[in-house]
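Asks: 3D model of this:
(chains A and B)
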Amino acid sequence: MALKDSIAWYHFSAPKNFYPLAGKVIPWFWGLTIALLLVGLYLSFFVAPTDYKQGESYRIIYIHVPAAWMSMLIYLVMAIYAIIGLAWKVRLADMMASALAPTGAMFTFLALWTGAFWGKPTWGTYWVWDARLTSELILLFLYIGFISLQSAIDDPRRAAKASGLLAIVGVINLPIIYFSVQWWNTLHQGASVSPTMAPKMATIMLTTMLIMTFAFWMYTIVIVLMRVRRIILERERQTSWVMELFGAEASGEKDEKGERK
Amino acid sequence: MKTRHKRMAFILVGLAGLSVAAWLVLNALNSNLALYISPTDVLAGDAPKDQTFRLGGLVVEDSLRREDDGLTVHFEVTDSANTIPVTFTGILPDLFEEGQGVVAQGKMQGGVFAASEVLAKHDENYMPAEVADMLEEGEKLKQQYGQPEEAASMPQTP
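Replies: Residues are numbered from 1 along each chain as shown, chains lettered A, B, ... in the order given. Below you'll find the model as predicted:
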């Protein structure tokens, strides 16, 4: 069993084999994304009750919190891929890390942006330099740094090495974001939902938030798989399988690199 | 030891070292990372003299007074050990309420904190209005029948 698994693992770590697999599962994840998003948005706007203190403005929580969670989760996954890429020299892992970064940056921006629009009516300010907000802003800079470092270096292998190192170093920021509201006094409130405590929100509110989180999660999978397929084609364009895929004019002419992996 | 295991170990040791460094830096910066200072710390002299800082705590119940101009307000901020009177001219945020968290920016003038900005700090509880009403009813009933009160919810103070 273990042997069979490891064969599948190795099989699909080759970009050539992963490319068609990703293409096959993308429609399914699209379906999940749309279904969850429709249910989640319906619950957010029409079913979830008005909050006793914040009134309707709290509803932004259904975008803000899932976006903030995804921004951290995506960074963690990106760093794990960076470690696999650096330690095991798996090219697909490097490609996955680069594919994750723009979506992670997008969710980080979304969390900061919706947070600002939530902060104005509730706290009375768009922005304050407290530990939670500042560390989330640093996360956005880490994503931007990762993306720019990668596009600044032409050779994909060296680019993956440099940006992978940045991604791994930046992991330090994740516990700082998560625990900032416990470690220091902040304007941002503490966690309503945590693994160790009973949730501090009504069940229907929590359910809605979790459905929206899964919707964002599935969306991330769809977009990242689409992006990694494009990256695979770009970086493997010299190989024979990509040329064959496009019925290449280069028929007969076999690239040596095509034999690698 | 294979090369890839060496690289893995190198990454993990590097991460561990970085974590320790980050922990030391954050510890050293601890007081600078706090957004606000509690009334107890202010009275103990931990607040910068003649300089702007942020004061945080709970607004004392029944302490809010409005002047005739309609804009200047007086209230008291407590961390349940010590209390500091605050004065502020301007519009208070919607969620400003007695018994709720507040973060005010300003200076000490005499024994009074003159605030230039007041922000409301809300908590992490979300519930429908009906549930909140029911909880309040329940609390009243409890007090009427003199049942032992549960541990009063203390404000989160550093």
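Asks: and the residue nearest the centre of chain A, what helix or strand is that in?
Replies: Closest to where the C-alpha atoms of chain A average out (C-alpha atoms, centre = their mean) is residue A:74, at 3.1 Å. Taking DSSP states H and E as the criterion, residue A:74 maps to helix A:61-88.
Asks: return the distance of that helix from the chain's centre.
Replies: 5 Å (C-alpha atoms, centre = their mean, to the nearest Å).
Asks: residues of the helix ranked longest in chain B that come out buried?
Replies: Looking across chain B with DSSP state H, the single longest helix is helix B:3-28. Neighbour-count burial for helix B:3-28, counted by 16 or more other C-beta atoms under 10 Å in any protein chain shown, picks out B:8, B:11, B:15, B:26. C-beta here means a position set from N, CA and C on the backbone, and glycine is covered the same way.
Asks: give me the below-cutoff pLDDT ranges for chain B.
Replies: Applying pLDDT under 70 to chain B flags the ranges B:1, B:146-158.
Asks: actually chain A, not the one I typed
Replies: For chain A, the ranges with pLDDT under 70 are A:1-6, A:248-261.
Asks: the helices in it, which residues?
Replies: Counting by DSSP H, chain A has helices at residues A:2-12, A:15-42, A:61-88, A:91-122, A:131-152, A:156-170, A:173-183, A:203-235, A:240-245.
Asks: what angle sits between the longest one and helix A:61-88?
Replies: Just to be clear, that refers to helix A:203-235. In terms of direction (axes from the mean of the first three to the mean of the last three C-alpha atoms, to 10 degrees), helix A:203-235 departs from helix A:61-88 by 40 degrees.
Asks: could you say what helices and strands helix A:203-235 packs with?
Replies: Under the contact criterion of 3 or more C-beta pairs under 8 Å, 6 or more residues apart in numbering or on different chains; DSSP states H and E, helix A:203-235 touches helix A:15-42, helix A:61-88, helix A:91-122.
Asks: residue contacts, residue A:33?
Replies: With contacts defined as C-beta atoms under 8 Å, 6 or more residues apart in numbering or on different chains, residue A:33 is in contact with A:215, A:218, A:219, A:222.
Asks: do residue A:217 as well
Replies: Neighbours of residue A:217 in contact, by C-beta under 8 Å, 6+ apart: A:70, A:73.
Asks: ok, residue A:114 to residue A:136 distance?
Replies: Remark: distance between residue A:114 and residue A:136 (C-beta to C-beta, to the nearest Å) = 12 Å.
Asks: higher neighbour count, those two?
Replies: residue A:136 (21 against 18; other C-beta atoms under 10 Å in any protein chain shown).
Asks: the more buried one and chain B, how far apart?
Replies: Distance of residue A:136 to chain B, given as C-beta to the nearest C-beta, to the nearest Å: 14 Å.
Asks: that residue against residue A:110, yeah?
Replies: No - with contact defined as C-beta atoms under 8 Å, residue A:136 does not count as touching residue A:110 (11.0 Å).
Asks: got any residues that touch both of those two?
Replies: Going by C-beta under 8 Å, 6+ apart, residues that sit against residue A:136 and also against residue A:110 are residue A:71.
Asks: look up the closest residue to residue A:117, ignoring the ones flanking it.
Replies: Among residues not flanking residue A:117 along the chain, residue A:60 sits closest, at 6.6 Å (C-beta to C-beta, 6 or more residues apart in numbering or on different chains).
Asks: how many other residues sit next to that neighbour?
Replies: Here the number of neighbours of residue A:60 (other C-beta under 10 Å) works out to 18.
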